[in-house]
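>>> sequence first, predicted model second:
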Amino acid sequence: MNLRSIIGFAAIAAVLSCNTTKFQTSSIKGDRLPINTEIAGDTSIENYIKPYANHIEKVLDSVLAYNPSDLVKNDGDLNTPIGNMMADLVMEQANPIFKSRTGNTIDMVLLNFGGIRSSIAKGNITTRTAYSAMPFENEIVIAELSPERMKELLQYLEVAKTAHPVSGVQIRVDKDFKVIDAKIQDKPLDAQKNYFVATSDYLQQGGDNMNFFKDPVHLYRTDYKIRNAIIDYFIKVDTIKTVKDNRYIQIK
């Protein structure tokens, strides 16, 4: 650095050190701006987005399949047609992805009762139907659970006493909801084996207090949203066929 530069820096430093001016806010004023129908729309913006809005509406209302009967989430004690369909379609749609990446297959599926956000009425099923039933951006993940975690999973169901959607399992509970026996893929639960359980990323992180999903032996992501799996399934099957069955029942 030359002498001229040194003198320049010194001069600037001297000016800054002598500047003791303090600034204070004199006042703060706020106005409430209501957003209502009295505000005129911007025609240029409305005309710009109209083609996109019309396209989205067309996609949402496109018919994917037919549903022969009303499907409601309260149609059963421990398993329901709509819950069974949700769990089965996750198994069917995610299993090929998981197998192609790992060489393994999904043993069972567990979702949550509250995750089904609407019923599915009899008649044509559209993309909008899928968005109504599953409005969340939840992804399908597969958690490898140890025998101890599998035991906690069954204990959770005993306490919940709720029709949480399941697939790949056969569970029987007594009048007090205690598990009498449990089979996975038609085989008794093996206390020495890890199991691959498909669920949503929300539940895997402890949603609905499903803490047994946390810290699995290994976690596999599918990059496949449940809603997309629902849409793909509807397109594939054409007509919905689902019923209550004996996958999760109470023996009284």
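Here it is on my side, so go on. All of these numbers come straight from a predicted model, not from anything done at the bench.

>>> quick one: buried residues of stretch 204-215?
Using 16 or more other CB atoms under 10 Å as the burial criterion, the residues of stretch 204-215 that qualify are 204, 207-208, 210, 212-213. (C-beta placed from N, C-alpha, C; glycine too.)

>>> mind pulling up the pLDDT for the residue nearest the centre of the chain?
The centroid of the chain falls nearest to residue 138 when counting by CA atoms, centre = their mean (2.4 Å). Looking at residue 138, its pLDDT reads 96.

>>> for the closest residue to residue 193 other than its chain neighbours, give me the backbone phi and psi.
Distances taken as CB to CB, 6 or more residues apart in numbering put residue 147 closest to residue 193, at 6.6 Å, once the chain neighbours are dropped. Main-chain dihedrals, residue 147, degrees, to the nearest 10: phi -60, psi -40.

>>> list the contacts of residue 147.
190-194 (CB atoms under 8 Å, 6 or more residues apart in numbering).

>>> nearest to residue 131 among those residues?
residue 194 (34.9 Å; CB to CB).

>>> so where do the strands sit in this protein?
Secondary structure of the chain by DSSP state E: the strands cover 63-67, 108-110, 123-126, 139-145, 166-167, 169-173, 179-184, 187-188, 195-200, 218-225, 248-250.

>>> rebuild the buried residues of stretch 204-215 as JSON lines, extending it with distance to residue 221 and pLDDT.
Below are these laid out as JSON lines (distance: CB to CB, whole Å; pLDDT from 0 to 100):
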{"residue": "204", "distance to residue 221": "10", "pLDDT": "98"}
{"residue": "207", "distance to residue 221": "16", "pLDDT": "96"}
{"residue": "208", "distance to residue 221": "20", "pLDDT": "96"}
{"residue": "210", "distance to residue 221": "17", "pLDDT": "98"}
{"residue": "212", "distance to residue 221": "19", "pLDDT": "98"}
{"residue": "213", "distance to residue 221": "14", "pLDDT": "98"}
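
>>> with that, I have no additional questions.
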